[in-house]
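Peer 1: next one to model:
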Amino acid sequence: MGLLAKFLYKPLIKILEQRNSQIAKNIEDAKRSQEEARRYAKETHQALNMAKEEALRIEEQTRKDADSTRRSMLNEAKKEYISIIDKAKKQIEKETDSARLKLKQDIADVSLKIAKKVLEKEITKKDHERLIDKSIKEIGDG
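Peer 2: Sure, this is the predicted structure:
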């Protein structure tokens with residue numbers, strides 16, 4: 001039995017101890033891998049949350065920028081609209097003043113013609129009505 005213990009028991013114990021050591025090492029490696037996987041999952045989750053927050057911040061900033069650009073464009077359009085309206089009003093006023101001046105000149109010309117004709121001859125009431133009608137016609141043609 002001494003020989004059996006020496007040749008069989010000691011190598012068997014050695015193999016069992018090596019096997020036990022290997023199993024313990026594998027268990028320790030598995031624990032480390034599991035802990036590393038948890039840490040990686042936690043970091044990944046944190047990075048994903050940060051990315052979501054950044055995306056929301058970018059989205060909000062984009063909305064603000066778009067709103068600001070829209071307001072700016074509206075203000076510019078209003079300014080341009082007011083400028084166009086002001087120019088049109090000034091042009092209308094200028095043309096109205098020009099038309100009034102032309103009308104005054106035409107009235108003065110017609111009045112002079114009437115006065116000239118009146119001075120050239122003495123007119124009757126019928127002549128006077130005819131001159132008025134003729135003058136009105138001339139104003140309309142002029």
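
Peer 1: I'd like the next helix or strand past the helix or strand harbouring residue 71.
Peer 2: Residue 71 belongs to helix 10-120 when assigned by DSSP states H and E. Where DSSP H and E defines the elements, the next helix or strand beyond helix 10-120 is helix 125-141.

Peer 1: buried ones in that next one?
Peer 2: Buried residues in helix 125-141, counted by 16 or more other CB atoms under 10 Å: 131, 135. In short, each C-beta sits where N, CA and C put it, glycine included.

Peer 1: and it with helix 10-120, angle?
Peer 2: 150 degrees (axes from the mean of the first three to the mean of the last three CA atoms, to 10 degrees).

Peer 1: shaky segments in the chain?
Peer 2: 1-7, 118-123, 141-142 (pLDDT under 70).

Peer 1: 80 instead, please
Peer 2: 1-12, 108, 111-129, 131-132, 135-142 (pLDDT under 80).

Peer 1: report the central residue of it.
Peer 2: residue 70 (3.3 Å; CA atoms, centre = their mean).

Peer 1: what's the distance between it and residue 9?
Peer 2: From residue 70 across to residue 9, the span is 89 Å (CB to CB, to the nearest Å).
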